[in-house]
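Engineer: predicted coordinates and the sequence they were generated for:
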Amino acid sequence: MRVDVLTLFPEAFAGPLDVSIIKRAREDGLLDLQVHDIREHAADRHRSVDDYPFGGGQGMVMRVDVLDRALEHVRSLDREQGLVVLLTPAGERLSDAAVRELAGQKRLILVCGRYEGVDERFAEHCVDREISIGDYVLTGGELPAMVLIDAVARHLPGVLGDEASPEEESFAHGLLEHPQYTRPAEYRGWAVPEVLLSGHHANVEKWKQEQRLRRTKERRPDLLMDGDLRNREGEGTS
Ligand code: 9WO
C-alpha cells in the first residue's frame, strides 16, 4: 500500500514509524510511506499557509488554495488516485471495521491540520473521509495520522509474522481479549490462575472464553450490544 501524508511538520513522522513491525513493512516494500510538507505549496513570499477566519474568532485557519495545490501535487506522484482522509475530531470515529476497509485501499492520502483547523471548502470538495481517533482535541492531526497508519499497516498482507493474525484478535470477534500471563508462575505471592498451569486444554479454552465475556461486560458493555441495536444508537426522535 502507498500512503502519502500532507503535513506542516514532516519531521514529526520520524520515530514511531521507523521501528519494529512498521519499519520492517517499509523495508519489505509492503508499506510505501511518503511524507510531504504543505508549506512547499505556499505561494507568497512569506510562505503563509494560514489566514484569519472569516466572521472572526480565535486563531488561524489553513488556506484551501494551499491545501488543494499540495494535494494535487501529491496526487500526481502516482497513477493510483488514492482515498483522501482528513484527521479531525469532527470525523467518524476510527473503528476496527474502518481500519480494515482502509487497509483494502491501494493508496491513502492523509491530511493533517494545524492551527484552529482547515477551511471547510477543502473538507467539502477535496476530502473523501473525515476520521477522528477519539473525542479529544490535539495540537494537530499528525499523531492521529500515525495511529491510523500503524493500525492499517498491521492488516496489510505479510506485515504480521505467522505468530499473529489480525483476524484472530480482540475486535474481530467483538470481545476483549482474556488476560495473559507468563513466567514466573508466582511473584511476590501473586499467582497465575491455576487452570492455566493445569495442562487441561478444554478447561483452559473454557476459562479464556469466560474471561473474554466477563471483561467485556465489565469494561466495555457497549461492545456486547448486538449490531442492530448498535446501528440504532444515537437515533433521535426529533
Ligand atoms: C478541531 C476541532 C475541534 C472540534 C470539532 C472539530 C474540530 N476540527 C478540528 C480540526 O480540524 N483541527 C485541526 C487539526 C487544527 C487543530 C489541531 N487538529 C486536530 C486534529 N486536533 N485534534 C485532532 C484530532 C484528529 C483526529 N482525532 C482526534 C483529534
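Structural biologist: Sure thing, it's come through. Keep in mind that what you see is a predicted model, and the values were worked out from it rather than measured.

Engineer: so what does the longest helix anywhere in the chain touch, helix or strand wise?
Structural biologist: When the chain is parsed with DSSP state H, its longest helix is helix 201-219. Contact analysis of helix 201-219 by 3 or more Cβ pairs under 8 Å, 6 or more residues apart in numbering; DSSP states H and E lists helix 194-197 as its packing neighbours. Any C-beta I mention is one placed from the backbone N, CA and C, and that applies to glycine too.

Engineer: does residue 39 touch residue 49 like I think?
Structural biologist: Yes: with contact defined as Cβ atoms under 8 Å, residue 39 counts as touching residue 49 (5.6 Å).

Engineer: find the residues that touch each one of the two.
Structural biologist: Each of residue 8 lies in contact with both residue 39 and residue 49 under the rule Cβ atoms under 8 Å, 6 or more residues apart in numbering.

Engineer: returning to what we had before: what comes up buried for the longest helix of the chain?
Structural biologist: Neighbour counts using 16 or more other Cβ atoms under 10 Å place 204, 207-208, 211-212, 216 of helix 201-219 among the buried residues.

Engineer: same question for stretch 128-136.
Structural biologist: 130-133.

Engineer: that stretch near the ligand at all?
Structural biologist: Yes: using Cβ under 6 Å from any ligand atom, stretch 128-136 comes into contact with the ligand via 132-134.

Engineer: what are the ranges of the strands in this protein?
Structural biologist: Ranges of strands in the chain, per DSSP state E, are 2-7, 32-37, 50-51, 61-62, 83-93, 107-112, 129-132, 186-187, 190-191.

Engineer: need the helix or strand of the chain with the lowest average pLDDT.
Structural biologist: Lowest on mean pLDDT, DSSP states H and E among the helices and strands of the chain sits helix 227-232, with a mean of 62.

Engineer: measure the residue most central in space within the chain to the ligand for me?
Structural biologist: For the chain, residue 148 is the residue whose C-alpha lies nearest the centre (Cα atoms, centre = their mean; 2.1 Å). With distances taken as Cβ to the nearest ligand atom, to the nearest Å, residue 148 is found 9 Å from the ligand.

Engineer: what does the pLDDT read for that residue?
Structural biologist: On pLDDT, residue 148 comes in at 98.

Engineer: go ahead and confirm it touches residue 133.
Structural biologist: Yes: using Cβ under 8 Å, residue 148 is in contact with residue 133, at 7.1 Å.

Engineer: list residues touching both of the two?
Structural biologist: Common neighbours of residue 148 and residue 133 (criterion: Cβ under 8 Å, 6+ apart): 87, 94.

Engineer: phi and psi next, for residue 8.
Structural biologist: Residue 8 adopts backbone torsions of phi -90, psi -10, taken as degrees, to the nearest 10.

Engineer: who's in contact with residue 215?
Structural biologist: The contact partners of residue 215, taken as Cβ under 8 Å, 6+ apart, are 175-179.

Engineer: mind giving me a markdown table with the strands of the chain and columns for mean pLDDT?
Structural biologist: As requested, those are exported to a markdown table (pLDDT from 0 to 100):
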| stretch | mean pLDDT |
| --- | --- |
| strand 2-7 | 98 |
| strand 32-37 | 98 |
| strand 50-51 | 98 |
| strand 61-62 | 98 |
| strand 83-93 | 98 |
| strand 107-112 | 98 |
| strand 129-132 | 98 |
| strand 186-187 | 98 |
| strand 190-191 | 98 |
